[in-house]
Structures are given as C-alpha cells and as structure tokens.
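Q: let's see this in three dimensions:
(2 chains)
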Number of protein chains: 2
Amino acid sequence: MARVVVDVMLKPEILDPQGQAVQRALPRLGFDGISDVRQGKRFELEVEGPVDEAALARIHELAESFLANTVIEDFSVRVDNNEAHAAGAAK
Amino acid sequence: MARVVVDVMLKPEILDPQGQAVQRALPRLGFDGISDVRQGKRFELEVEGPVDEAALARIHELAESFLANTVIEDFSVRVDNNEAHAAGAAK
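A: As a prediction, the model looks like this:
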C-alpha cells in the first residue's frame, strides 16, 4: 500500500486571510522572524496496487478535478516514500 | 528567505470525516483503488534569516503550541528545499 500526498495551496496572488491571521498572531505570541504564512490543505491518499505513471496520472486528474479549485489553488502530487510525517510526529 | 513547511494531520486513531467524505465520493466519480483518504493542513512559513537548528527548534515549538492541537493532531516540520509544490503546479 503506497501513500500519495496531494498538497493544495492558494495561488500566490490570492489573498490568504487564514495565513495572515496566523502570521500576525506570531509576534504577539513571542515568535519573530516569520515574514509570511500561507495555509493550505494536505490530502494523504492510500493507493491500492502499484503507484506507477498511470496511477499518478489518474491521481493528478483526480486532484485537479475534485481536490483543488484550480481557479484559485495550485496543487502538487507526490509519492510519500520517506514517511517524513511519521518521523516528525515521533520527535 | 527560506521556506519551512509544517504539516498537521489528525492522528491515525482520530476519525476524519472530511477525508472519509472524499474517499467515499471517489468511486462515484470514477476513481477506484483509493482505500483511504486523510485530510489535514499544510502551513508554509517564510523565515527571515538562516534556517539553522535553533530556528527549526523555535518553529517546532511554534507548531506544537499554535498550529497543531497535539491532543488529536500530529505534525511535522521540514525545510522546503526542492520547491516541489511550485514544480507540481507548473505541470
């Protein structure tokens, strides 16, 4: 079972009020040096069978059609090999 | 200016109704072979200055305190070197 990650972020030219709210709150909370924050969505898809070119193409189509609103959002599709999330969580 | 990405996902044992809704909709929309979907948040932080161990430790603390609810969510912090997101969006 392979995991494919789809990241969906607002396009750079689109205002991101959620991210701005986080960014403005940080100095008040004692964290300086963060000049910008953007907030988006992360989807983790568990794919049955091999994740080959064809499977990735289908997931790309799926992400474009249903997970992202491509008028205002960019997305990226990648295979999660390194289990970075699990490793980070274990810290 | 370096970009640090914080991914926040619900812990595996926590029910994810958003992800389930997506997963259930996929076969209806013509996409089979996805056995599970989890939906989480992705934060992109633009950091001023060098992203060294100290800076990453501060961002880890920030993520733990404010970006994630660690009772129900796991998070990971990583430096975004490869600009994977931009590359994917350009496809």
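Q: please make it C-alpha for all contacts and neighbour counts, starting now.
A: Fine.
Q: can you name the next helix or strand after the biggest helix by length in chain A?
A: Counting residues, the longest helix found in chain A (DSSP state H) is helix A:17-28. Per DSSP states H and E, the first helix or strand lying C-terminal to helix A:17-28 is strand A:34-47.
Q: quick check, that following strand touching chain B?
A: Yes. Legend: contact between strand A:34-47 and chain B by Cα under 8 Å from any Cα of the partner chain is shown at A:34-47.
Q: show me what that strand is packed against.
A: strand A:2-10, helix A:17-28, strand B:34-47 (3 or more Cα pairs under 8 Å, 6 or more residues apart in numbering or on different chains; DSSP states H and E).
Q: what's the average pLDDT for the longest helix of chain A?
A: Per-residue pLDDT over helix A:17-28 has a mean of 94.
Q: give the buried residues for that helix.
A: Applying a neighbour-count criterion of 16 or more other Cα atoms under 10 Å in any protein chain shown, one finds A:19, A:22-23, A:26 buried in helix A:17-28.
Q: chain B next: which of those residues are close?
A: residue A:19.
Q: now, the most widely separated pair of the buried residues of helix A:17-28?
A: A:19 and A:26 (10.9 Å; Cα to Cα).
Q: any weak-confidence spans in chain A?
A: A:82-91 (pLDDT under 70).
Q: show me which residues of it are close to chain B?
A: Residues of chain A lying near chain B (Cα under 8 Å from any Cα): A:7, A:19, A:31, A:33-49, A:58, A:62, A:74-77, A:84-89.
Q: kindly recompute the last result at 6 Å.
A: By Cα under 6 Å from any Cα of the partner chain, the residues of chain A that approach chain B are A:33-48, A:74-76, A:85, A:88-89.
Q: hang on, residue A:78 in a helix?
A: No. Read with DSSP: H, G, I helix; E, B strand; the rest coil, residue A:78 is strand and lies in no helix.
Q: could you say which helix or strand holds the nearest residue to residue A:31 once chain neighbours are set aside?
A: In this structure, residue A:31 finds its nearest non-sequential neighbour in residue B:62, 7.4 Å apart by Cα to Cα, 6 or more residues apart in numbering or on different chains. Under the criterion of DSSP H and E, residue B:62 resides in helix B:53-62.
Q: now residue A:67: closest residue in space, sequence neighbours ignored.
A: residue A:8 (7.6 Å).
Q: just residue A:6 next, same as before
A: residue A:77 (4.6 Å).
Q: hmm, residue A:8 is touching residue A:77, no?
A: No. The criterion here is Cα atoms under 6 Å, and residue A:8 misses it with residue A:77 at 9.1 Å.
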